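Asks: Give me a 3D structure for the following:
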Amino acid sequence: MFSIAIPHDFLSETPDEPSKIRKLGYLARAASVFKVSTVIIYYYGAPLREDIDLAKTVLEYLVTPPYLRKRVYKIDKRLRLAGLLPPLKITSHVVPKEPRIGEVREGVVERWDGYYSIVYIGGGKYAKIPKPYPVGARLLVRIEAPTSRPDTYRAAIYKGPPPAYWGYKVEVRPIQSLTDGFDAVILTGREGKPICEVSPKLGKNTLVVFGGPRRGVDEIFKESGLELPGDLINFAPGQGTETIRTEEAVFIVLSILNYITKCRL
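Replies: Sure, this is the predicted structure:
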């Protein structure tokens, strides 16, 4: 599985707020299509805190199941244009109206009933979990059986990795610790070697790093006084446009890496 890293100035040349929201929506769609595990927003120099905060909030909102959003997110001016965002329709978002026995859902703890947590799981339905988890906590639960109440099911905490792609996590990191925890790093950029001439070094936990609208990855690392932590590869040799936007680059690069890992014989 891949993770991707986007610079903190990813939104800096976007002219207005609606355009920023749409740009983040395209990025989230690309990450979800190719089952990205983590989206990292990395910063260097003077961090653009407002843009970082907006990007993190919107990306996390998008990956939250739609039936939980009103319970997880209160009134927030950063999300006032959320109606412009595209649906992701990943497994955790597409659930039947009536919970099914054995089904895994994400829910949020609404209240306690004695020793039990009452977890909202969408569609006006609740899961009853035998432990008082903090109110507001988000949990993965497995539906086990109906109860005497038509809107409540007995359930248990689901342990282990999600049964299908459940979406990405969002992290913010300084560039100095960007690659921590990854066993392979791929850097993307026009100045790199053409993809048709190299074989990317892939690992079980691979990070793909993208540049921003003002600086390429190689420039960003150089200005930060750091050596390149991986191979710099041009995934669109012979491009017909002067520049490729970051969200476009994510689709291009992940498409090629998906082909390499899943389709090439």
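
Asks: Can you tell me the centre-most residue of this protein?
Replies: Centroid-nearest residue in the chain, with C-alpha atoms, centre = their mean: Tyr168, separated by 3.2 Å.

Asks: ok, it touching Val63?
Replies: Yes. At 5.9 Å, Tyr168 and Val63 qualify as touching, with contact defined as C-beta atoms under 8 Å. For the C-beta atoms, the positions are set from N, CA and C on the backbone; glycine is no exception.

Asks: Find residues that contact each of the two.
Replies: By C-beta atoms under 8 Å, 6 or more residues apart in numbering, Tyr168 and Val63 have these common neighbours: 28, 32.

Asks: Just confirm Leu27 contacts Glu247, I think it does.
Replies: Yes. In this structure Leu27 lies within contact range of Glu247 using C-beta under 8 Å: 4.8 Å.

Asks: pLDDT at the residue nearest to the centre of the chain, what is it?
Replies: Tyr168 is assigned 97 on the pLDDT scale.

Asks: Distance-wise, check it relative to Ser199.
Replies: 26 Å (C-beta to C-beta, to the nearest Å).

Asks: Can you name the residues bridging to Pro146?
Replies: Taking DSSP bridges as the rule, Pro146 bridges to Tyr153.

Asks: In this structure it contacts Ala127, no?
Replies: No. At 11.1 Å, Pro146 does not count as touching Ala127 under the criterion of C-beta under 8 Å.

Asks: Please say which of those two ends up with more neighbours.
Replies: Between Pro146 and Ala127, counted using other C-beta atoms under 10 Å, the more crowded position is Ala127 (26 against 13).

Asks: Tell me who's in contact with the more buried one.
Replies: 99, 105, 107, 118-119, 121, 141, 143, 152-155.

Asks: do that again at 10 Å, thanks
Replies: With contacts defined as C-beta atoms under 10 Å, 6 or more residues apart in numbering, Ala127 is in contact with 99, 105, 107, 109, 116-121, 139, 141-144, 147, 152-157.

Asks: Could you tell me which strands the helix or strand that contains it is paired with, and in which direction each runs?
Replies: If you go by DSSP states H and E, Ala127 is part of strand 125-129. Next to strand 125-129 in the sheet, as set by DSSP bridges, lie strand 116-122 (antiparallel), strand 152-157 (parallel).

Asks: Alright, I will stop here.
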